[in-house]
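Colleague: Sequence unavailable; structure follows:
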């Protein structure tokens, strides 16, 4: 007899979920069928006595720690959004506690206007998820493989995106974050609607429903853009409620092409506007569409890094060595992300984070960030040591492999450095060398940085090295390049003016000086510089 | 004897083995990485040579001398 488990002093666990693998084994071996209840941890809310469902990772699923952090972040977003289209969440933390959702029924067949209303509700949920960087079917790792650690927590199947009737109208009740394993049950014929297949067959015989391959949502394509993928799945959801019949308006054809993967619209708001054409009588659509965030490029996932770091540090002592990497690697990434966010405002705190990241996972990017922050804080000796560590670790430009018994295996533990990251390492070492007065090393590194990643900052820094070495013409050429790449930067333009002035190219200096004056108009700190520029004029 | 006991062990453990996960390798969540990690601060700003600064000061003085009477005219 195990001790009864309570979640958050409120939910008494009645049954802990089974693992899908175990259930499949039981079915094939012992002929024991399984259903939705087997896949949920169920509990009772002490406050209301209602049954609740808990989406949680079992302790042995330590390898999905990063995914559970992401799912919890999405759950907190859902709680804050309090959308009527998602199943209410009662608690987040070591799992997500959902209020009892409506049963997963088969997709009803609806008239286009009603189907469009349901699809609009789904659009509202997805658009807000896109705004926090949640979208698509799954990420890819730096190696280009599917990212097992970060499955995207939205599923469009009938067990997650449920249909329910409220006061006679069909509406959606979406489980977000989704319970991905429920997708396993999607293909099984629904018990609640045994006539669905017969009705579908009748419709097809009567010819009111077309039967084309294009009606189906596209197969999973990991290379597809996440937003395009979600648009296709949303369009597929509309079509599952209102299958295209013959002689329907052109909008339905556009929706069908979208479901087949054609880029008809670029964002969810665009799809909502398209669907509006199918529900012309609905009055509140304009306001609802106007409120949708327009996201055509998925931003980075927004997590509460303080919370992720606290959870990770609390989890570490429980793990045995072979389990540690599954928490240590994402935890170090979280520290690095927080260090980046704090770098400008609180460099000392950021340095502590970068230090912990490098301690947990000593890879080049973390050492470089440490060196950058130490340099910014004026701790030059430590910065030099940190950047030396960055160059001491091997540099991989493509996924490294190891041979085991003549089989080539990908060595995922190594970090693959892109050109931008390598350029950042060289630029950091070069800048530190410039401050140390080692012009030869500085020039070498900054040239390499510029070759790898042509940015204004790299051109400008290399210009400064040449200027310090007395090569004014070379410096002016690079500074001109920096100005070309970032015309709005007063700093780059000023340095170009000084070089041109010293070269005696007064006319060119004057042109840039006037531009600079325009850039700094109204800037009190720019005044002194403008006074000096009068000389240039 | 040894063979039969290992057979018993395998049969006993088979459901657990079947249900065990084949773990993917631990990886860094690529999407969590910052897109713009901190970059080195730019080199110190350039100063004009001393002679040029003198000329600048002179020019400022002229500018102020010319600008003042104009400002007074405006206030009247």
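Modeller: Thanks, I have it. Everything quoted here is computed from the prediction, not taken from an experiment. Numbers count the residues shown, from 1 in each chain, chains lettered A, B, ... in the order given.
Colleague: and chain A, what are its domains?
Modeller: A:62-85+A:102-290, A:476-537 (automatic domain parsing).
Colleague: Can you add mean neighbour count and give those back as TSV?
Modeller: The way it works is simple: take the backbone N, C-alpha and C, and place the C-beta from them, glycine included. Listed next are the domains of chain A as TSV, based on neighbours: other C-beta atoms under 10 Å in any protein chain shown:
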stretch	mean neighbour count
domain A:62-85+A:102-290	18
domain A:476-537	18
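Colleague: Could you dump those into TSV and include distance to residue A:468 and mean pLDDT?
Modeller: TSV is the format used below for the domains of chain A (distance: least, C-beta to C-beta, whole Å; pLDDT from 0 to 100):
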stretch	distance to residue A:468	mean pLDDT
domain A:62-85+A:102-290	36	81
domain A:476-537	12	81
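Colleague: mind checking which of those is nearest residue A:11?
Modeller: Checking the domains of chain A against residue A:11 by C-beta to C-beta gives domain A:62-85+A:102-290 as the closest, at 14.6 Å.
Colleague: what distance separates the start and the end of that closest one?
Modeller: 42 Å (C-alpha to C-alpha, to the nearest Å).
Colleague: and that domain, how far from the chain's centre?
Modeller: Its chain's average C-alpha position is 19 Å from that of domain A:62-85+A:102-290, according to C-alpha atoms, centre = their mean, to the nearest Å.
Colleague: ok, now stretch A:278-297?
Modeller: Taking the mean of its C-alpha atoms, stretch A:278-297 sits 24 Å from the chain's own mean (C-alpha atoms, centre = their mean).
Colleague: who's in contact with it?
Modeller: By C-beta atoms under 8 Å, 6 or more residues apart in numbering or on different chains, the list of residues contacting stretch A:278-297 from outside reads A:112-113, A:115-117, A:120, A:123-124, A:127-128, A:130-131, A:227, A:249, A:251-252, A:266-269, A:272-273, A:276.
Colleague: closest to residue A:335 out of the domains of chain A?
Modeller: domain A:62-85+A:102-290 (13.3 Å).
Colleague: element containing residue A:23, please.
Modeller: Per DSSP states H and E: residue A:23 is located in helix A:20-30.
Colleague: want to throw the domains of chain A into JSON lines with distance to residue A:308?
Modeller: Formatted as JSON lines, the domains of chain A follow (distance: least, C-beta to C-beta, whole Å):
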{"stretch": "domain A:62-85+A:102-290", "distance to residue A:308": "5"}
{"stretch": "domain A:476-537", "distance to residue A:308": "34"}
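Colleague: Quick one: closest of the ones you listed to residue A:392.
Modeller: Across the domains of chain A, closest to residue A:392 is domain A:62-85+A:102-290 (C-beta to C-beta), at 20.4 Å.
Colleague: Show me what the helix or strand just after the helix holding residue A:23 pairs with in its sheet, parallel or antiparallel.
Modeller: Going down the chain from helix A:20-30, the next helix or strand is strand A:41-45, by DSSP H and E. Within its sheet, strand A:41-45 is paired with strand A:11-15 (antiparallel), strand A:51-55 (antiparallel), according to DSSP bridges.
Colleague: ok, back up a step: centre of the chain to the helix holding residue A:23, how far?
Modeller: With C-alpha atoms, centre = their mean, you get 34 Å for helix A:20-30.
Colleague: For it, buried residues please.
Modeller: Using 16 or more other C-beta atoms under 10 Å in any protein chain shown as the test for burial, helix A:20-30 gives A:20, A:22, A:23, A:25, A:26.
Colleague: Now do it: which elements does it pack against?
Modeller: On a contact count with 3 or more C-beta pairs under 8 Å, 6 or more residues apart in numbering or on different chains; DSSP states H and E, helix A:20-30 meets helix B:2-19.
Colleague: mind listing what residue A:435 touches?
Modeller: Contacts for residue A:435 (C-beta under 8 Å, 6+ apart) come out as A:375, A:380, B:43.
Colleague: Next, format these as a markdown table and append distance to residue A:484, secondary structure and neighbour count.
Modeller: Below are the contacts of residue A:435 laid out as a markdown table (distance: C-beta to C-beta, whole Å; DSSP: H, G, I helix; E, B strand; the rest coil; neighbours: other C-beta atoms under 10 Å in any protein chain shown):
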| residue | distance to residue A:484 | secondary structure | neighbour count |
| --- | --- | --- | --- |
| A:375 | 27 | helix | 23 |
| A:380 | 32 | helix | 13 |
| B:43 | 19 | coil | 21 |
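Colleague: Take the residues you listed and write them to CSV, including distance to residue B:30.
Modeller: As requested, these are exported to CSV (distance: C-beta to C-beta, whole Å):
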residue, distance to residue B:30
A:375, 27
A:380, 33
B:43, 32
